[in-house]
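Visitor: here's a sequence, model it:
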Amino acid sequence: MQTTIPLEKETVQVLEKLKSKYNVSSYDKLIREMLEKEMKVPKSLFGAHPKMKQFKRDKEDLHEL
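Guide: So this is what the prediction gives:
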């Protein structure tokens, strides 16, 4: 669902600069990045834990039905 939020021109100018700083392509992505940073939401809650090793199955796990 999308919505429209009224913003002052100065606010839009600042958001445009921040889009470059955060290297994002939309205001939605920018706002999400800023919210995650502000609220200190760990990336692991979004399925991307940077220190987690890649998952590999054991040979015992592979079998035919």
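Visitor: report the helix or strand with the lowest average pLDDT across this protein.
Guide: helix 27-39 (a mean of 88; mean pLDDT, DSSP states H and E).
Visitor: may I see the buried residues of it?
Guide: 30, 33 (16 or more other Cβ atoms under 10 Å). (Each C-beta comes from the backbone N, C-alpha and C, glycine too.)
Visitor: helices or strands up against it?
Guide: helix 9-22 (3 or more Cβ pairs under 8 Å, 6 or more residues apart in numbering; DSSP states H and E).
Visitor: residues contacting the helix it packs on, please?
Guide: Outside of helix 9-22, the residues within contact range by Cβ atoms under 8 Å, 6 or more residues apart in numbering are 7, 25-27, 29-30, 33-34.
Visitor: check what pLDDT Ala48 gets.
Guide: Note for Ala48: predicted pLDDT of 58.
Visitor: where does pLDDT dip in the chain?
Guide: 41-55, 57, 59-65 (pLDDT under 70).
Visitor: at 80 what do you get?
Guide: 40-65 (pLDDT under 80).
Visitor: rewinding a little: between helix 9-22 and the least confident helix or strand of the chain, find me the angle.
Guide: 80 degrees (axes from the mean of the first three to the mean of the last three Cα atoms, to 10 degrees).
Visitor: all further residue positions should be reported with the first residue as 34.
Guide: Okay, using 34 as the starting number, the last item reads as helix 60-72.
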